[in-house]
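>>> below are the sequence and a predicted model for it; my questions follow.
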Amino acid sequence: MALKPVHRKFWLVLHIVSASAWIGIDVLVAVLVGVGALSDDSARRGLAYQALGSFVLWPMLVSGLVCLGTGLVLGLGTKWGLVRYWWVAVKLGLNLALCTLILLLLRPGMPEIRAYGERLSAGEAVSFDVSSLIMPPIVSLTLLSLATVLSVYKPWGRTRRRAGFGNTGAFAEADAGAVVGADADAEAVAGADAGADAGAVAGADAGAGAVAGADAGAGAVAGADVGVGEAQRARQATAKRAARTP
């Protein structure tokens, strides 16, 4: 069912806030990774890795899941649908992919990162490969920026799927009603054209009949004129014969 305007605005605000929080957490991850990799102070590096391993994962995952859930609600409750338009489908795929990467790739290594930070803060000389932490914030920020651009520009149009797929029944019925209305309009236009053609033909026939009637009338008048002339000539001939008779 379609969302009411007030409800749509509520879900839209929640969607924007969660996406913004997600981007902010990714920026924080990039800062912590940079401090841990580039700082000369082992205590500062240890603190950065402890924060990264202890406080980043779950806020990031929660914001991603809230962004996904609110996006699903907005897709199902508005005209955009879930896979009806390319930009919505791509955003949905990006959100799902990033949440999956957080769970499968980032979460398993967080306890080791925290332990490494604790050992650094304690002044221990330890080594740990943290190169795998460089790509996650870069990939995540790039894809979230792309999702933001898609939300603003809405490119590529529709996905050429069946009417109503990935959308609510209300919008499907509206599309079906529009199609039926278009068919009715087409039938009305066809009927009007047929009526106009029939009227034109009837008018042409009537015109032809009128012309034929006019010709017949003209013929009758001409016949009457011929009859009068013959009668006059007959009377004149009779009068001449009578004048010659003694």
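Happy to help now that I have it.

>>> please count neighbours and contacts with C-alpha atoms only from this point.
Will do.

>>> which sections of the chain are below the confidence cut-off?
Scanning the chain for pLDDT under 70 picks out 1, 161-235, 237-246.

>>> excluding its backbone neighbours, what's nearest Phe128?
Leaving aside its chain neighbours, Phe128 sits nearest to Tyr116 (7.2 Å; criterion: CA to CA, 6 or more residues apart in numbering).

>>> tell me the contacts of the one you found?
The contact partners of Tyr116, taken as CA atoms under 8 Å, 6 or more residues apart in numbering, are 46, 49-50, 126, 128.

>>> using CSV, lay out those residues together with distance to Ser63, neighbour count and secondary structure.
Formatted as CSV, those follow (distance: CA to CA, whole Å; neighbours: other CA atoms under 10 Å; DSSP: H, G, I helix; E, B strand; the rest coil):
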residue, distance to Ser63, neighbour count, secondary structure
Gly46, 26, 25, helix
Tyr49, 21, 28, helix
Gln50, 21, 26, helix
Val126, 33, 9, coil
Phe128, 29, 9, coil
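
>>> could you dump the residues you listed to a markdown table with distance to Gly24?
Conversion of the contacts of Tyr116 to a markdown table gives the following (distance: CA to CA, whole Å):
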| residue | distance to Gly24 |
| --- | --- |
| Gly46 | 22 |
| Tyr49 | 18 |
| Gln50 | 19 |
| Val126 | 30 |
| Phe128 | 27 |
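
>>> re the thing from before, any idea which helix or strand carries the residue nearest to Phe128?
Element membership of Tyr116 [criterion: DSSP states H and E] is helix 110-121.

>>> can you point out the buried residues in that helix?
By neighbour count, with 16 or more other CA atoms under 10 Å as the criterion, the buried positions of helix 110-121 are 110, 113-121.

>>> thinking again about what came up before, can you tell me how far the residue nearest to Phe128 is from Ala30?
18 Å (CA to CA, to the nearest Å).
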